[in-house]
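**Student:** Let's see this in three dimensions:
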Amino acid sequence: MTQNHVAGMETSAISVLKRAVELDNSGRFQESLVCYQEGIQLLMDVLKAVKDDSKRGHFRVKIKGYMDRAEQIKVHVNQMKEDGKYHEQIRIAEDATGYSYEVLFKPYMSSLLTEVWVQDPYIRHTHQLYNFLRFSEMLLKASCKAASGQQSGALAELKESLSAQGVTLDLQYSSTIHDREIRFDNGWIIKIGRGLDYFKRPQGRFSIGYCDYDLRQCHETNVDIFHTKHTKTL
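**Tutor:** Got it, this is the predicted structure:
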């Protein structure tokens, strides 16, 4: 492994761990735990490649410190979940970027996730249907085995496409529903003020953010995250 490659891994580790500390300090513990775990793994890869004893000692101390903090967060989050008191709020500012579905939902997804319930009365227009499609693709990449959601022609096509991937999409319609929330069968409940439709319209078809939702500007909205040991279907 070249010295430049090791330096690049160290830079990546520092960046991820810096983000972990920022999330930790702002009380976004589940997200910070994911970043701590990713950053620690990167530092361990650096440790394996470094030959200098003094640098190895330095990295060992850093890794132990981050591992201790990650374990503390894990215990805290598990206790809050056990007590049914877990609540976290993320405020997405007007015109903010960096809030793709992967970024927002990944910390709450695990290998235990097999069902997802989406309650959203505003999956009607073309761009909203595309949002739901992107959300479904995100679930597929996370090896989610089943998905549920809510508009006929386009959703029927999506249902058929998901079926070919081994994923069941169960559609239910309501003329009275207004609230929006997403439930995972691993206990996480995510309520977004604007539902999945929190992205702004791109300036043009060839403008930055048209394809990559991490670069797409957002409308201002709040995201509330809860956890319950007894997740019920919507």
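**Student:** Which SSE is immediately downstream of the helix-or-strand element of the chain with minimal mean pLDDT?
**Tutor:** The weakest-scoring helix or strand in the chain, judged by mean pLDDT, DSSP states H and E, is strand 146-149 (a mean of 52). For strand 146-149, the following helix or strand on the C-terminal side (DSSP states H and E) is helix 152-164.
**Student:** Give me the pLDDT value at residue 151.
**Tutor:** According to the prediction, residue 151 has pLDDT 53.
**Student:** So residue 112 belongs to a helix, correct?
**Tutor:** No. Under DSSP: H, G, I helix; E, B strand; the rest coil, residue 112 falls outside any helix and is assigned coil.
**Student:** Run a quick neighbour tally on it.
**Tutor:** Counted with other CB atoms under 10 Å, residues neighbouring residue 112 total 9. In short, each C-beta sits where N, CA and C put it, glycine included.
**Student:** Do you know the pLDDT at the spatially closest residue to it that is not a sequence neighbour?
**Tutor:** Distances taken as CB to CB, 6 or more residues apart in numbering place residue 186 nearest to residue 112, at 4.9 Å, with adjacent residues excluded. pLDDT recorded at residue 186 is 89.
**Student:** is it fair to say residue 186 lies in a helix?
**Tutor:** No. Using three-state DSSP, the secondary structure at residue 186 is coil, not a helix.
**Student:** So which residues of the protein form strands?
**Tutor:** Remark: strands assigned in the chain by DSSP state E are 87-92, 116-119, 146-149, 168-171, 181-184, 188-192, 221-227.
**Student:** now the angle from the top helix by length along the chain to strand 87-92?
**Tutor:** Taking DSSP state H as the criterion, the chain has its longest helix at helix 53-83. With axes from the mean of the first three to the mean of the last three CA atoms, to 10 degrees applied, the angle from helix 53-83 to strand 87-92 works out at 110 degrees.
**Student:** and helix 53-83, average pLDDT?
**Tutor:** The pLDDT scores in helix 53-83 average 93.
**Student:** and if you look at stretch 167-176?
**Tutor:** Rounded mean pLDDT across stretch 167-176 is 80.
**Student:** Mind listing what's buried along that stretch?
**Tutor:** Going by neighbour count (16 or more other CB atoms under 10 Å), the buried part of stretch 167-176 is 167, 169.
**Student:** ok, now stretch 125-136?
**Tutor:** 128-129, 131-136.
**Student:** that older thread, now for the longest helix of the chain, which elements pack on it?
**Tutor:** Contact partners of helix 53-83 among helices and strands, from 3 or more CB pairs under 8 Å, 6 or more residues apart in numbering; DSSP states H and E: helix 3-25, helix 29-49.
**Student:** Residues contacting the last one, please?
**Tutor:** Read that as helix 29-49. Applying CB atoms under 8 Å, 6 or more residues apart in numbering, the external contacts of helix 29-49 come out as 1, 5-6, 9-10, 12-14, 16-17, 19-24, 56, 59-60, 62-63, 66-67, 69-70, 73-74, 76-77, 88, 106-108, 225.
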